[in-house]
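Peer 1: here's a sequence, model it:
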Amino acid sequence: MNLKRLIVLTLVLCVVAGGTSFAKTKITFWHAMSGDLGEAIDYLTEQFNAENPEIEVESIYQGRYSDLNTKIVASVSAQVTPTLAQVYENWTDAYIRNGLLVPMEDYMDLTEEEFNDYTEVYRSMNTWEDKLYTIPLNKSNWILHYNTELVPEPPRTVEEFLQISREVTEKTGGETKGFGMRPTLELFHAFLYLNGADFLDDDLNVTFNGPEGVAALKLMLEMIEDDSALLIDGYENEAFGDRMIAMYIGSSAGMPHVVGSVGDKFEFRTASLPTGVRPGAPFMGTNVALFKAASEEERKAAGKFMRFMTNTENTVYFAIKTGYLPVTYSGLESAEYQQFIADNPHLAAIADEEALAHGYWQPRIGAWEQARGAIYEAVEKVFLGVSTVQEALDEAAFEVEEAIEEMLTQRY
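Peer 2: Residues are numbered from 1 along each chain as shown. I've put the predicted structure just below:
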């Protein structure tokens, strides 16, 4: 036997002995999940790898979200992007504008039923160019937390909310304020949206400095001035647990901190935000994107991984383990998740399917990171007494318009 034939035979025998080892497709998933969240990601990744020996997913913690974004941008410059990465919607928009992503939907082989099983609000948050570009992973909503000793029934309207806030302060002689408030963009957004407006309209025109925005920010100020709300320097859950406030609006993702702050001091519950001119349920959290640099085989493997991560069983596992929401209707309605909610009645508002129908979110544009900074600063200026409400919002509106113009006139 000549040397060439011997080499070929040896290679054939190696392939037979090694099974499918040569066919294994390796992909990377960059994320910002630490602690229990990271453990949940690692567990699901290990399960997927065990069930799919032809694929190897490496989930890699990259630090906080800001660190993750910085590393993604650096990987683009170095032309070594991950296969998959956790992303916010405004990051997605910037990446799409620069031609860095491919639609995840194209590689998941979803049936119509599976596609529609993703909660509608999340589908809307993840759709660009009529394609489900990214897949929801860790989603949370903003809800009202209330002390049931002081607030037996949650307010259903903004008017009731304001009245209860005043009554609690009066009833406790000011020892407990009705509402706790940090002057944040998110809280301003909640009152702005309930007042019938938003940061931008569908054509990206700035609207938050209009009459609705001015009224929303003035309402926040007036609650501090009439003593029905406490201006908080720190996190609301701590003031809530110390009985300094009877209600506050915050993210469902912070529930473990609330439970830790309250302990067995009193019973608390959660409710959807009170209705104003319209109802509203703000949703936040990140999704998973598929980068264009991945090969066709890597893209298919990535699609299979995301089907696994968000199937009914696993989205429920992730939700129970982390405090985030299942991202599908089947997950929300599953017996396991419904039992979990029944066993933890303070979580009831998190899984309120009626609220899901009124979901909204922050602008999904690449310029949002810069824009939100300008709005944050405007809200702070008002509470510091540096500017009037209209002046602060108008100044922020100008900066946001500039950021959007820059985004639209050049690659972002």
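Peer 1: shouldn't residue 146 be within a strand?
Peer 2: Yes: checked against DSSP: H, G, I helix; E, B strand; the rest coil, residue 146 lies within a strand.
Peer 1: what helices or strands is the lengthiest helix in the chain leaning on?
Peer 2: Using DSSP state H to define each element, the chain has its longest helix at helix 389-409. If contacts are counted by 3 or more Cβ pairs under 8 Å, 6 or more residues apart in numbering; DSSP states H and E, helix 389-409 sits against helix 211-225, helix 368-384. (C-beta placed from N, C-alpha, C; glycine too.)
Peer 1: now it: mean pLDDT?
Peer 2: Mean per-residue pLDDT for helix 389-409: 97.
Peer 1: equivalent analysis for stretch 148-155, please.
Peer 2: Stretch 148-155 comes out at a mean pLDDT of 97.
Peer 1: and that stretch, which residues are buried?
Peer 2: The neighbour-count criterion (16 or more other Cβ atoms under 10 Å) identifies 150, 151, 154, 155 as the buried residues of stretch 148-155.
Peer 1: list the contacts for the closest residue in space to the last one that isn't next to it in sequence?
Peer 2: Counting by Cβ to Cβ, 6 or more residues apart in numbering, residue 161 is the residue found nearest to residue 155 once chain neighbours are left out, at 3.9 Å. By Cβ atoms under 8 Å, 6 or more residues apart in numbering, the residues touching residue 161 are 155, 179, 247, 274.
Peer 1: show me the helices in the stretch 101-250 of the chain, by range?
Peer 2: Applying DSSP state H, counting those that start in this stretch to the stretch 101-250 of the chain gives helices spanning 112-117, 120-125, 158-171, 185-194, 211-225, 236-241.
Peer 1: export the ones you listed to CSV and tack on distance to residue 134 and mean pLDDT?
Peer 2: Below are the helices of the stretch 101-250 of the chain laid out as CSV (distance: least, Cβ to Cβ, whole Å; pLDDT from 0 to 100):
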stretch, distance to residue 134, mean pLDDT
helix 112-117, 14, 97
helix 120-125, 9, 97
helix 158-171, 33, 98
helix 185-194, 21, 97
helix 211-225, 29, 98
helix 236-241, 30, 97
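Peer 1: quick check, central residue of this protein?
Peer 2: In the chain, the centroid-proximal residue (Cα atoms, centre = their mean) is residue 285; its distance is 1.1 Å.
Peer 1: next one: it from residue 319, what distance?
Peer 2: Taking Cβ to Cβ, to the nearest Å as the criterion, residue 285 is separated from residue 319 by 11 Å.
Peer 1: cool, and residue 327?
Peer 2: For residue 327 relative to residue 319 (Cβ to Cβ), the value is 8 Å.
Peer 1: cool, residue 399 as well?
Peer 2: For residue 399, the distance to residue 319 - Cβ to Cβ - is 37 Å.
Peer 1: again with residue 205
Peer 2: Counting by Cβ to Cβ, the gap from residue 205 to residue 319 is 37 Å.
Peer 1: looking at these two, which is more packed in?
Peer 2: residue 319 (24 against 10; other Cβ atoms under 10 Å).
Peer 1: hang on, that one is in a helix, isn't it?
Peer 2: Yes: the assignment for residue 319 is a helix, going by three-state DSSP.
Peer 1: can you pull the contacts of it?
Peer 2: 325, 326, 331, 337.
Peer 1: nearest to residue 33, of these?
Peer 2: residue 325 (15.0 Å; Cβ to Cβ).
Peer 1: what sits against the closest one?
Peer 2: 139, 140, 141, 252, 319, 332, 350, 351.
Peer 1: what of residue 328?
Peer 2: Contacts of residue 328 were listed using Cβ under 8 Å, 6+ apart, and they are 117, 118, 119, 310, 312, 315.
Peer 1: how about residue 87?
Peer 2: Neighbours of residue 87 in contact, by Cβ under 8 Å, 6+ apart: 72, 95, 134, 286, 287, 288, 289.
Peer 1: neighbours around residue 332, how many?
Peer 2: 22.
Peer 1: now it: how far from residue 307?
Peer 2: Taking Cβ to Cβ, one finds residue 332 at 18 Å from residue 307.
Peer 1: what of residue 258?
Peer 2: Noted for residue 258: a distance of 33 Å to residue 307, by Cβ to Cβ.
Peer 1: on that earlier part again, farthest-separated two in the contacts of residue 161?
Peer 2: Going by Cβ to Cβ, the pair spanning the contacts of residue 161 furthest: 179 and 274, at 11.1 Å.
Peer 1: rewinding a little: Serialize the helices and strands packed on helix 389-409 to TSV and add fields for distance to residue 266.
Peer 2: Listed next are these as TSV, based on distance: least, Cβ to Cβ, whole Å:
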stretch	distance to residue 266
helix 211-225	22
helix 368-384	29
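Peer 1: put together JSON lines for those helices, with mean neighbour count and distance to residue 341 on each row.
Peer 2: JSON lines is the format used below for the helices and strands packed on helix 389-409 (neighbours: other Cβ atoms under 10 Å; distance: least, Cβ to Cβ, whole Å):
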{"stretch": "helix 211-225", "mean neighbour count": "19", "distance to residue 341": "31"}
{"stretch": "helix 368-384", "mean neighbour count": "19", "distance to residue 341": "32"}
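Peer 1: and of the ones you listed, who's closest to residue 43?
Peer 2: helix 368-384 (31.6 Å).
Peer 1: average pLDDT across the closest one?
Peer 2: Mean predicted confidence for helix 368-384 is 96.
Peer 1: quickly list the domain ranges of the chain.
Peer 2: Here the domain parsing of the chain from automatic domain parsing is 23-139+284-351, 141-282+360-409.
Peer 1: ok, and the closest non-adjacent residue to residue 350?
Peer 2: residue 252 (4.6 Å).
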